[in-house]
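Engineer: return a 3D structure for these sequence lines:
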Amino acid sequence: MRRGVVLVLVLAFLAASVAAQKSKPWTEWSKKDAEKTLNDSAWAQTQSEGEESTSASSSSAITQVAAPRAADRDISRSGESGQSKPTTMVKYRIRLLTAKPIREAFSRIVVLNQENPSPELAQQLQGFIDRDFSDYIIVAVTLETNDKRMGGTVMQTLSSTSVEALKNNAFLERKDGKRLVLQDYRAPTTDGMGAKFIFPRKLDGEPFVVDPKDNLRFVAQFNDKLKISARYKLSEMFYNGSVEY
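Structural biologist: Reported below is the predicted structural model:
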């Protein structure tokens, strides 16, 4: 009985912590808050491939948000002996860029990376956060790896493909099987947000997302070796009173 009471109190504390974080304006988020939203939240999934060194420490050194440049960096992990040991792990961060919390997190990282950010920068970023995306759903995919060869190959694929090549191989799918076909594709640039897959928000003139208990699945298959996918639970994507996607 006592154990059950403790569990209830812990869950209540966690719920209060989450609510408190969401109530904070993005300008007050810590770097940890922003990175969690970008990498491990209802609006951001991580697909991992490859192998990590079994002797490597549990904390990853791959924490770069500007993933398009990560492929050009030789980031390594430290083992128990203190020596740097490489890993062939590749992480794809698959984010709903049109979800407001993702844009807030990106903006916060930009500010925190500035030594002396100006008030004008925050105003410009607020404009990006408040931009109207009522006609589109955008999925952004970034790459993180310390394997330069593998990272270079993937980045070449992301940079050289086109909307025509992906037309039949990239989609958003509801639980009932209905799909949104890719409308546009933007290769990675220096903005640090990765490759962008752009879909319409409506299907046959009606909003594609109607049931908050539904799931939204993203799939993009580039070739036999590269397939990126993620599943989002709409019931977990409420933010400031509405579903953000």
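Engineer: ok, Pro212 touching Lys233?
Structural biologist: No. In this structure, Pro212 is not within contact of Lys233 by Cβ atoms under 8 Å, at 9.6 Å. Yep, even glycine has a C-beta here, placed from its N, CA and C like the rest.
Engineer: need the residues touching each of those two.
Structural biologist: Common neighbours of Pro212 and Lys233 are not found (criterion: Cβ atoms under 8 Å, 6 or more residues apart in numbering).
Engineer: centre-most residue in this structure?
Structural biologist: Using Cα atoms, centre = their mean, the residue of the chain that lies closest to the mean C-alpha position is Arg95, 2.8 Å off.
Engineer: work out for me the element that one sits within.
Structural biologist: Element membership for Arg95 (DSSP states H and E) is strand 90-96.
Engineer: next SSE downstream of that strand?
Structural biologist: Next element after strand 90-96 (DSSP H and E): helix 100-112.
Engineer: off-centre distance for that following helix?
Structural biologist: Relative to its chain's centre, helix 100-112 lies at 12 Å (Cα atoms, centre = their mean, to the nearest Å).
Engineer: packing partners for the following helix or strand past it?
Structural biologist: Using DSSP H and E, the helix or strand that follows helix 100-112 towards the C-terminus is helix 119-129. Judged by 3 or more Cβ pairs under 8 Å, 6 or more residues apart in numbering; DSSP states H and E, the packing partners of helix 119-129 are helix 100-112.
Engineer: average pLDDT for the helix it packs on?
Structural biologist: On average, the pLDDT along helix 100-112 is 97.
Engineer: what of stretch 169-183?
Structural biologist: 96.
Engineer: below-threshold pLDDT in the protein: ranges please.
Structural biologist: 1-23, 52-87 (pLDDT under 70).
Engineer: the helix or strand where Val141 lies to helix 100-112, inter-axis angle?
Structural biologist: For Val141, the host element (DSSP H and E) is strand 136-145. Relative orientation of strand 136-145 versus helix 100-112 (axes from the mean of the first three to the mean of the last three Cα atoms, to 10 degrees): 50 degrees.
Engineer: list the neighbouring strands of strand 136-145 plus their orientation.
Structural biologist: strand 90-96 (antiparallel), strand 195-200 (antiparallel) (DSSP bridges).
Engineer: can you tell me which of those strands is most buried?
Structural biologist: strand 90-96 (a mean of 23; mean count of other Cβ atoms under 10 Å).
Engineer: ranges for the helices of this structure?
Structural biologist: 2-23, 31-39, 100-112, 119-129, 148-160, 163-166 (DSSP state H).
Engineer: which positions in the second one come out as buried?
Structural biologist: Put plainly, it is helix 31-39. Neighbour-count burial for helix 31-39, counted by 16 or more other Cβ atoms under 10 Å, picks out 33-35, 37-39.
Engineer: which of these lies closest to Gln123?
Structural biologist: For the buried residues of helix 31-39, the minimum distance to Gln123 (Cβ to Cβ) is 18.4 Å, reached by Ala34.
Engineer: how far away is the closest residue in space to Leu112 that isn't next to it in sequence from Tyr245?
Structural biologist: Nearest residue to Leu112, sequence neighbours excluded (Cβ to Cβ, 6 or more residues apart in numbering): Lys31, at 5.3 Å. Distance of Lys31 to Tyr245, given as Cβ to Cβ, to the nearest Å: 25 Å.
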